[in-house]
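Enquirer: predicted model and sequence below, questions to follow.
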Amino acid sequence: MSDNAVLSRKLSSLNEFSYNPLEEKYNTVAVIGAGGVGAACASNCILLKACSEVLLVDIAEDRCEGEALDLQDAGFVTGVRCKHATYEEAGQADVIVITAGVGQKPGEPRTSLIGRNYAILKSIFKSMEPLNPDAVILVVSNPCDVLTYLAQKLSGLERSQVFGSGTFLDSQRFRIAISHKLKVSPSAVNAFVLGEHGDSQFAATSTATVGGVPFSSFPELTPEFLKQAEADARNRAYEIIAKKGATYHGIGACVATMVDCIFLNERLVFPLSVREKEANVCVSQPAVLGRSGIEAILPIPMSEEEKKLFDASCGAMRAILDEVA
């Protein structure tokens, strides 16, 4: 038998498996918005192998297609697919990450920014119809807490399926400051920044620990140092924006970590923006994140002062929602 005949027989035997790429199933994440934040989220999802397929969607189609082609080239590292997709395709994804929105102009009131981004949010959900009823939606666009509340309202999905990135990144910034001071890994620091992702957020230090040891046991963690670390975490975004125009990389890594947690059903605890039932607003609280979204809210003990700060943060969010919702 000739070499060509042998090769032909081997190739024919492969066809017995009837492989059809159209029947493949993927853990799919759709990123709505192909700007700097959306591209960073997509890139980190690909490089962390947080999913098997990334759909990139934006109203600016040329920019979006260019980003998708560029990200396809990065996919060789992990084998994760990336493609420019439609809003309808995004609506059927397993996880939908919303980064689209407009930035605040100098001197512009916050309610004006919220109004414009609310209009964008409504357009996004209308374009994604019919929405996958099992989708998990992660809101990254700012103001994160208000838009998370509105996104759940627009989606019609359960409270557990729609959440915001909230103070996840702020908490990481705070933990890094503590870890540098004590010369330990940030993963050894168990501390959360809670409430609004914004001016009324606060670090809950009364029950925070390092390797299980309370903050109060470390003389280096003076009230002055903790107050400064809290302020630095709150203001870091302003500093980065002043120097380079926008923040991308930190939130991109946070989003990929959350996507990974969802698809692996890890049930890790992150400070995420979830609708607080009593106050009926979205603010960050310690939340268990798994395959179906938010699986539980952990009632973290707070000092009397921290409880006042949390209530004030909820009140600030309620006042804004009363104007726009």
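Expert: Arrived safely.

Enquirer: going along the chain, name the helices of the stretch 151-300 of the chain.
Expert: 168-182, 223-244, 249-263 (DSSP state H, counting those that start in this stretch).

Enquirer: check the offset of the longest one from the chain's centre.
Expert: Put plainly, it is helix 223-244. Distance of helix 223-244 from the chain centroid (C-alpha atoms, centre = their mean, to the nearest Å) equals 20 Å.

Enquirer: please apply the same query to the last one.
Expert: Shown here is helix 249-263, whose average C-alpha point lies 6 Å from the average C-alpha point of the whole chain (C-alpha atoms, centre = their mean).

Enquirer: what distance do you get for S217 to V29?
Expert: Going from S217 to V29 by C-beta to C-beta, to the nearest Å gives 41 Å. For the C-beta atoms, the positions are set from N, CA and C on the backbone; glycine is no exception.

Enquirer: G211: which of the helices of the stretch 151-300 of the chain is closest?
Expert: helix 168-182 (9.4 Å; C-beta to C-beta).

Enquirer: using the record's assignment, carve this structure into domains.
Expert: By the assignment in automatic domain parsing, the chain contains the domains 25-164, 168-324.

Enquirer: N27 and E53 touch, don't they?
Expert: Yes. Assessed by C-beta atoms under 8 Å, N27 is found in contact with E53 at 7.1 Å.

Enquirer: who has more neighbours, those two?
Expert: E53 (21 against 18; other C-beta atoms under 10 Å).

Enquirer: hmm, back to that, which of the helices of the stretch 151-300 of the chain has the lowest mean pLDDT?
Expert: Lowest mean pLDDT within the helices of the stretch 151-300 of the chain: helix 223-244, a mean of 93.

Enquirer: which other helices and strands does that one contact?
Expert: Applying 3 or more C-beta pairs under 8 Å, 6 or more residues apart in numbering; DSSP states H and E, one finds that helix 223-244 contacts helix 168-182, strand 189-194, strand 202-210.

Enquirer: good, we can wrap up now.
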